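[1] need coordinates for the following:
(2 chains)
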Amino acid sequence: MDALIVIFLSGLISLFVAFTKKPILVLLTSSIGILAAIGLFIAQWNNPVTLFSYEGLEFTNSAILYSIAACIFGLFSILVGYNIYSKQPEHTGEYISLMVFSLVGAVCMLAFTDMFMFFLGLEILSIPIYVMAGTKKSDLRSSEASLKYFLMGAFATGVLLFGIAWTYGATGSFKLTEIATAISTASETGQSSILYVGILLILASFLFKVGAAPFHFWSPDVYEGSPNTVTGFMAAVVKLGAFGAFYKIFNVAFPEVHGFWAPAIMVLAVVTMFIGNLSALSQVHFKRLLAYSSITHVGYALLTIITVSSNSEANLWVYLFGYGFSIIALVTIAQLLNDDEDKIDAFKGLAKRSPFLAAVAVLSLLSLAGVPPLIGFFGKYLVFSEAFTQYPILVIVAIANSGIGVYYYLKTIIAIFQKEDVSEEKIEIPSLQVVVLSICALTILVGGLVLSQYKML
Amino acid sequence: MEILLIPSLFALLALFVPGKVVRVFGLVGGLASVILTCVLVCKFQQNGGQAVTFFELAQNNFGFTSKMGYDGIGLFMIILTNVITFIILLSNFNREVAQNKLFTAMLFLMQAALLGVFTSMDGLLFYIFWEISLIPIFIIALSFGGSDRKRTLTKFFIYTFVGSLAMLASLIAIKSYATSFAIEDLMAVELSSKVAFWIFGGFFLAFAIKIPLFPFHTWQPSTYSTAPMAGTMLLSALMLKMALYGMIRWMVPLAPEALNDFQYPIIVLGIIGVVYAGVIAIKQSDMKRLFAFASISHVGLIAAGIIIFDKENLTAALIQMFNHSLVAVGLFLSVDILEKRMGTRKLEELGGVAKLAPKFGFMFAALALASVSVPFTSGFIGEFLLLKGLYSYHWVVGLIAGTTLVLGAVYTLRAYQLSMYGAPKMASFEDLTWNEWLAYFIIMAIIVIVGVCPQMIIDTVGPSIDQLLESYKISNTIIK
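    As a prediction, the model looks like this:
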C-alpha cells in the first residue's frame, strides 16, 4: 500500500518538477520513486503492512512479486524513452508521469481484492496509455494507434462493466472471496444462468486486454503505431497487469465453475497461438512481427490460467517476467536503429555495426523462441510441464507452435548477421540504453537458471 | 567441472584477446582441454573405472538436479570431443577465420556445449546443452559460410529445432511420471507400452534428424556444403555423435518398453540410408557433397548397430563413432585444402594434385583407405563388428548393410582418383603447411593405433556398457 502511494507521489512530483524545464530532474524523481517502491515491496515480502483499514487492496506475496516486475519494466521504459522525451523539455514531465500513473494502475490491478478496485486499476492503467500511444504527433500511424486503442479499449471496458454487473446480480458481491463463496453455496442448488453470462463477458474483456484471439486485431496496429517505448511498456507492463488480474479473478472468484470457462480458454489458446504464429510468418515490419509474436505468447500464457495447480501463478510470473525483458530490449534496439519504416531489414548488418546491440538482440530473440538456457525457455518449460498432466494434447500443440515460431525469430537473426549490402555506419548508444540493455541481457542469460532454483510462491 | 569451465572461459576470453594472437590463443585453449582430458583418463583408470559425478545441485521444486558426471562411455565422448576440437583448431590455423574472435569464441562455446551434452546426468540439463550446441554452429555457418546460406541454414535450424521440441515433449511426458530429472529416476519409471511408444518416438525424431537418418536427412548435404570447413567438421564429427550418444544413453534406457516396436523400423531406415546415400555419393561431382552423403551412409550403419542394443554392437558402434569423427575431419580438411588452393571442389575441374603435392597425396590416400575400412585402421574394427552384429540379427540385413564396403570403396576411391591422379590441371599446388601436416598426422596416428589395438577403447567403455545393459534388463523384466 505505501509503495503504491510512493509511486503515485513520484508521478505527481515529476509533473510539477517539469515546470523547471529540466528533464533530468523529472527522470530522477520518477526513477527514485519507482526504485523506492521496489525497495518497499521487497521489505513487505512475507510481512504485509496495512495502511488505513482499506480492504480493496491486499499486497500478498504474489501481488508483490508481480508488482516488482511491473515496476522494473516501468522503470526501464522510462529510462530508454528518456533520450527522446528530453528533446522536448516542455513535455518530458507529461510523458514520464503518464507512464508512472499507468504503473500505479498496473499495481492496483495486481493487488485488488474486489471488482471495484480492479475496474479502477484497469482504467488508471489504460487511460494514460491511450494518450501515450499518440505522442508521436507528426506520425499519422501514432494517432491511428491512439484512436484505435481508445475506441476498442473503451468498448472492452463497457463489456467488462456489464460482466461485473451480471456477476454481481448472480452473487450479490464485488469481493472476490465472497463471489467464490456464493458460487460454491449455489453449486448445490444449481448456478443461476446470469452468472455464466457475467463470466463470459468478463472473459471477453480480458481476452481483449491481453490481446488474445479473436480480440487481437487492435494489437498489431497499436504496437506498430505507438512510439517504441510505449510499445515496450504495453507489451511488458500492461500484459503483466492484465494477466495478473486475469489469473486472480478466474482462480480466486470462479474456480468452482472451472469446467465452464476452462474449455473456452482452451480452445481460444490454441486459436491464439496459431493466429499469432501464422500471421507473424510473413511480416516485414519489425514491431508488427513483435505484435503477432506477442499474440502467440499470450496463447502460451493462457495455459497457466486453466491449469489447476499451486504453481501456476508463479509460472505465469516467470513467463511474463522473461518475456518483458526480451521485448523491452528488442523495442529499445529497434528505436536505436532509427528506421522510420520499422522494417526487419533495418537489422541487416547489425553484427558489424554494433556487436553489443547484435548480441543483446540475438539473446532476446532466442529467449522469445524458447532456446535454453535463456529465461524464455524456463518460462515456457514451467508453463508447459505444469499443464501437461491436465492437458497433454494442448501442450503438444503449444510445443509444435514453438517450432513454427522459430522461423520468424530466425529471419531476424539471419538479417543481423548479414554481410552483403549493409550500411557500415556505427550506431551510437546512449549510456542509459547501455545500462538497461546490459541488465536485460544479463537477466535473459542467467535469470532462468537462477529463478529455477527457487520456489517463487 | 573444470572440463566444462576451461572451454567456457576460453570462449569468453577469446572475445577480448587482441586480434593477432587469437589463433594462438585458440590453439592453447584446445591443447589445455586435451591435457586435462589425459589427466581425467588417468584418474578414471586409477579409480578402476568408477562413474564420476562432478557437479550436483539440490533438486529444485520441479525436479531439476543439474547433475553432471561421466562413466566410461561419457569419458570416451569427452576424449573424442576434445581431441577433435583440437584437430579442428589446428587445421584451421592458417585459415582466415582462425583470426576471427567470434569464430574462436563460438568454437569453444560449441566444445563446452558438447561436453555438457556428454556429461549431463539430468534429462533437462541434457536438453539444455543439446540446444545450446545449436547456436554456435549456426552462428559459425552463418557468419563464415558460403553462398545461399540464408535458406540452407534456416532449413537446418528449423529442422533440428523442431526435432528437439519433440524431445522436450518426451522429457516433459516422462517427467510427469518421475520425481526428478536425474537419469536414475527417469530410468526407474515404468511406462505402459503406448506411452513408451510416444516418448521413444519423440526422442527418436530429435536424434533421427540430427544423425541424420533417411528420410530426415534432407537438411544435411546442403548444410554441410554451405558451412565453412570448421562448421562441417563440427557438424559431422561431433554434432551427430550427440545424437548417437543420445540413443545409447537416453532414448533406449528411458523407454526400453518401446524398443521392440522401434528396433525393426530403425534398422530398416539405417540400412536404406546406407545404400541410398552410398549410391547418391557415387554420382556426386561436388566433393563436399560427396563426403556429406558418405557420412549419411556411414552413420546409418552405426544407428542400426546401436538399436540392436547388445554389448558387442554398442562397443562396435562407439569405435565406429570415433573412427567416423576422425575420418570425417580428415576428409573435409582434404576437400578444403583442394578448394582453397584450386578455387573449386568440382571433381571435373580437379586432377593431378598427387604429382605436385606428394605429402598431401599420401595423407589423403591414407585417409581414403581408412574411410573404406582397410584392416589395421580403426574403421575396419568398427565396421566389421557392426556388420557381424547386423548379420546375426538377420542375414538379409547383414547382407544389404555389407554393400557399404563396396559402395564406400567406389565413391571414396573415385573421388580420390579424379581429384588426385591424371594430368595436372594446374601449374603449381602448394603442399601441406606444417599445421595441416600435423593435423593429418594426429588423425592417422590415432586411426592406426586404434586399428591395431582397439582393446583400449573396449576396456574403457566395456564396464559402462555392461552396467547400462544391466539396468536396461532390469527395467525390461519388470514389464514382462
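[2] hey, let's count contacts and neighbours off CA atoms from now on
    Fine.
[3] how distant is the helix or strand where residue B:39 lies from the center of its chain?
    Here residue B:39 sits within helix B:22-46, counting by DSSP states H and E. The chain centre lies 19 Å from the centre of helix B:22-46; the measure is C-alpha atoms, centre = their mean, to the nearest Å.
[4] can you list the buried residues in that helix?
    B:22-23, B:25-27, B:29-34, B:36-37, B:40-41, B:44 (16 or more other C-alpha atoms under 10 Å in any protein chain shown).
[5] so what's residue 287 up against?
    Just going to use chain A. A:220, A:223-224, A:331, A:342 (C-alpha atoms under 8 Å, 6 or more residues apart in numbering or on different chains).
[6] could you do chain B instead?
    B:335, B:345-347, B:415.
[7] buried ones in the longest helix that chain A contains?
    In chain A, assigned by DSSP state H, the helix with the most residues is helix A:140-171. By 16+ other C-alpha under 10 Å, the buried positions in helix A:140-171 come out as A:141-150, A:152-154, A:156-157, A:159-168, A:170-171.
[8] now for the buried residues of helix B:22-46: which two are most distant?
    B:22 and B:44 (32.7 Å; C-alpha to C-alpha).
[9] just to revisit the earlier point, between the contacts of residue B:287, which has the most around it?
    residue B:415 (24 neighbours; other C-alpha atoms under 10 Å in any protein chain shown).
[10] so that one lies in a helix, does it not?
    Yes: under DSSP: H, G, I helix; E, B strand; the rest coil, residue B:415 sits within a helix.
[11] you'd agree it is up against residue B:347?
    Yes: under the criterion of C-alpha atoms under 8 Å, residue B:415 makes contact with residue B:347 at 7.1 Å.
[12] hey, where'd the helices end up in the stretch 101-250 of chain B?
    B:101-119, B:123-132, B:134-144, B:149-175, B:183-188, B:193-210, B:220-226, B:229-233, B:240-246 (DSSP state H, counting those that start in this stretch).
[13] tell me the pLDDT of residue B:457.
    Here, the pLDDT recorded for residue B:457 equals 85.
[14] quick one: end-to-end distance for stretch A:272-289.
    15 Å (C-alpha to C-alpha, to the nearest Å).
[15] average pLDDT for that stretch?
    92.
[16] any buried residues in that stretch, and which?
    A:272-281, A:283-289.
[17] contacts only, for whatever residue of the stretch 51-200 of chain A ends up closest to chain B.
    Across the stretch 51-200 of chain A, the shortest distance to chain B (C-alpha to the nearest C-alpha) belongs to residue A:62, at 17.2 Å. Residues near residue A:62 by C-alpha under 8 Å, 6+ apart: A:313-314, A:457.
[18] helix, strand or coil for it?
    Residue A:62 - assigned by three-state DSSP - is helix.
[19] what's the neighbour count on residue 420?
    All of this is about chain A. 8.
[20] wrong chain, I was asking about chain B
    Quick note: residue B:420 (other C-alpha under 10 Å) scores 25 neighbours.
[21] any idea how far residue B:353 is from it?
    Taking C-alpha to C-alpha, one finds residue B:420 at 5 Å from residue B:353.
[22] repeat that for residue B:60.
    60 Å.
[23] more neighbours: these two, which one.
    residue B:353 (27 against 14).
[24] state the distance from the more buried one to residue B:91.
    19 Å.
[25] quick revisit: what touches both of residue B:420 and residue B:353?
    Joint contacts of residue B:420 and residue B:353 (C-alpha under 8 Å, 6+ apart) are residue B:361.
[26] who's sitting farthest from the centroid in the chain?
    Looking at chain A here, since you left the chain open. residue A:189 (39.5 Å; C-alpha atoms, centre = their mean).
[27] please go with chain B instead
    Farthest-from-centroid check, chain B (C-alpha atoms, centre = their mean): residue B:427, 37.3 Å.
[28] that residue looks like it's in a helix, true?
    No: counting by three-state DSSP, residue B:427 is not part of a helix but coil.
[29] next, give phi and psi for it.
    phi -70, psi -50 (degrees, to the nearest 10).
[30] just residue B:69 next, same as before
    Torsion angles, degrees, to the nearest 10, at residue B:69: phi -180, psi -180.
[31] excluding chain neighbours, give the residue nearest to it in space.
    residue B:53 (3.9 Å; C-alpha to C-alpha, 6 or more residues apart in numbering or on different chains).
[32] can I assume that neighbour sits in a strand?
    Yes: using three-state DSSP, the assignment for residue B:53 is a strand.
[33] for it, what are its contacts?
    B:67-70.
[34] taking those residues, please make a ChimeraX selection of just the buried ones.
    Those of the contacts of residue B:53 that count as buried under 16+ other C-alpha under 10 Å are selected in ChimeraX with:
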select /B:67,68,69,70
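[35] SS state for the residue nearest to the spatial centre of chain A?
    Taking C-alpha atoms, centre = their mean as the criterion, residue A:239 is the residue nearest the geometric centre of chain A, at 2.4 Å. Secondary structure assignment for residue A:239 (three-state DSSP): helix.
[36] separation between it and residue A:327?
    Counting by C-alpha to C-alpha - residue A:239 and residue A:327 are separated by 11 Å.
[37] what do you get for residue B:59?
    31 Å.
[38] just give me the longest helix of chain B.
    Chain B, longest helix under DSSP H: helix B:311-342.
[39] quick one on the thing from earlier: of the contacts of residue A:287, which belong to helices?
    Reading helices off the contacts of residue A:287 with DSSP H, I get A:220, A:223-224, A:331.
[40] want to throw these into a markdown table with pLDDT?
    Listed next are the ones in helices among the contacts of residue A:287 as a markdown table, based on pLDDT from 0 to 100:
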| residue | pLDDT |
| --- | --- |
| A:220 | 92 |
| A:223 | 92 |
| A:224 | 90 |
| A:331 | 93 |
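[41] which of these lies closest to chain B?
    residue A:331 (22.8 Å).
[42] quick one, what contacts the closest one?
    Counting by C-alpha under 8 Å, 6+ apart, residue A:331 has contacts A:228-229, A:231-232, A:287.
[43] quick one: which two of those residues are the most distant?
    Most distant of the contacts of residue A:331, by C-alpha to C-alpha, are A:229 and A:287, 11.5 Å apart.
[44] residues of the stretch 301-450 of chain A that sit close to chain B?
    Taking C-alpha under 8 Å from any C-alpha of the partner chain as the measure of proximity, the stretch 301-450 of chain A contacts chain B at A:371-373, A:384-385, A:388-389, A:396, A:399-400, A:402-403, A:406-407, A:410-411, A:414, A:417-419.
[45] rerun at 7 Å
    Selection of the stretch 301-450 of chain A residues close to chain B by C-alpha under 7 Å from any C-alpha of the partner chain yields A:371-373, A:385, A:389, A:396, A:399, A:403, A:406-407, A:410, A:414, A:417.
[46] pull out the buried members of those residues.
    Buried, going by 16+ other C-alpha under 10 Å: A:371-373, A:385, A:396, A:399, A:403, A:406-407, A:410, A:414, A:417, out of these.
[47] so which residues of the stretch 301-450 of chain B form helices?
    Going by DSSP H, counting those that start in this stretch, the stretch 301-450 of chain B shows helices at B:311-342, B:353-356, B:358-371, B:378-393, B:395-420, B:434-452.
[48] how about these, which one is nearest chain A?
    Distance to chain A, taken as C-alpha to the nearest C-alpha, is lowest for helix B:311-342 among the helices of the stretch 301-450 of chain B, at 20.9 Å.
[49] next, count neighbours for residue A:10.
    By other C-alpha under 10 Å, neighbour count at residue A:10 equals 24.
[50] check the offset of the helix or strand where it lies from the chain's centre.
    Applying DSSP H and E as the criterion places residue A:10 in helix A:2-17. Centroid displacement of helix A:2-17 relative to its chain, using C-alpha atoms, centre = their mean, is 22 Å.
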